[in-house]
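# Generate coordinates for the sequence data below:
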Amino acid sequence: MSLQAFELLEAIALPITQANVDTDQILPARYLQKPRANDFGAYLFRDLRDRAGGTDNTTFMLNQPAYKSSRIVVAERNFGCGSSREHAVWALYDYGVRAVIAPSFGDIFYSNALKNGLLPIVQPAAVVVALLTCLQENPGAMISVDLAAQTIQSPEGFIHDFDINPFTKHCLLQGLDELDYTLDQIARIEDFERRYEGTSN
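Numbering: from 1, shown residues only. Down below sits the predicted model:
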């Protein structure tokens, strides 16, 4: 599945005030056998979004009209902890989420996110608390993420910087996964091989 280039993102943000949201909450285990061609966005937070019997849990933010089109998630600490399933990232990405802002992430989730076109942004706990408060008080409020400048802008207009590995930043901006990046360098690789073979003869 090809990735979308990460462009300047201004979008509605979904507040998740619970800490330690694990990958089984993001994507329940029963969906792990589904093929990647499926729309995993349909399974995102499924057990939190549904009540017993299949009716919507209207207390869960993503079911509320103001947040349904969210493309950014603002979450408490240790988001994406638990098992290493890449499918949790697929669910967020397929739903349309392009960035997650939190004080900390599960290590494997963080790595999987970057490899699949989802930008995890680490911010100080105080910044995240302020964002969560603003988003809850102003349903449908928007946050801007400028990957090129490595900044986020809160609904009130405050600017916050974030760090990212330069190689990963390049891949996200270009919409490249690791295989795409290698194929993008094929001419240089072939040129190197020709020159290496020339020096070894």
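# show me the biggest strand of the chain in terms of residues.
The single longest strand within the chain, with elements called by DSSP state E, is strand 9-16.
# Can you name every helix or strand that it contacts?
Applying 3 or more C-beta pairs under 8 Å, 6 or more residues apart in numbering; DSSP states H and E, one finds that strand 9-16 contacts strand 72-75, helix 125-137, strand 142-146. To be clear about C-beta, it is placed using only N, CA and C from the backbone, and glycine gets the same treatment.
# Show the average pLDDT along the helix or strand following that strand.
Counting by DSSP states H and E, the element after strand 9-16 in chain order, helix or strand, is helix 23-26. Averaged over helix 23-26, pLDDT sits at 96.
# please begin residue numbering at 825 from this point
Okay, residue one is now 825; in that scheme the one you just asked about reads as helix 847-850.
# Could you check how far helix 847-850 is from the centre of its chain?
Taking C-alpha atoms, centre = their mean, to the nearest Å, the mean C-alpha location of helix 847-850 is offset from the chain mean by 14 Å.
# where along the protein do the strands fall?
For the chain, the strands defined by DSSP E occupy 833-840, 896-899, 923-926, 943-946, 966-970, 975-977, 983-985.
# and the ones you listed as JSON lines, adding mean neighbour count, mean pLDDT and distance to residue 848?
As requested, the strands of the chain are exported to JSON lines (neighbours: other C-beta atoms under 10 Å; pLDDT from 0 to 100; distance: least, C-beta to C-beta, whole Å):
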{"stretch": "strand 833-840", "mean neighbour count": "20", "mean pLDDT": "98", "distance to residue 848": "15"}
{"stretch": "strand 896-899", "mean neighbour count": "26", "mean pLDDT": "98", "distance to residue 848": "15"}
{"stretch": "strand 923-926", "mean neighbour count": "25", "mean pLDDT": "98", "distance to residue 848": "17"}
{"stretch": "strand 943-946", "mean neighbour count": "21", "mean pLDDT": "98", "distance to residue 848": "18"}
{"stretch": "strand 966-970", "mean neighbour count": "20", "mean pLDDT": "98", "distance to residue 848": "27"}
{"stretch": "strand 975-977", "mean neighbour count": "18", "mean pLDDT": "98", "distance to residue 848": "28"}
{"stretch": "strand 983-985", "mean neighbour count": "13", "mean pLDDT": "98", "distance to residue 848": "30"}
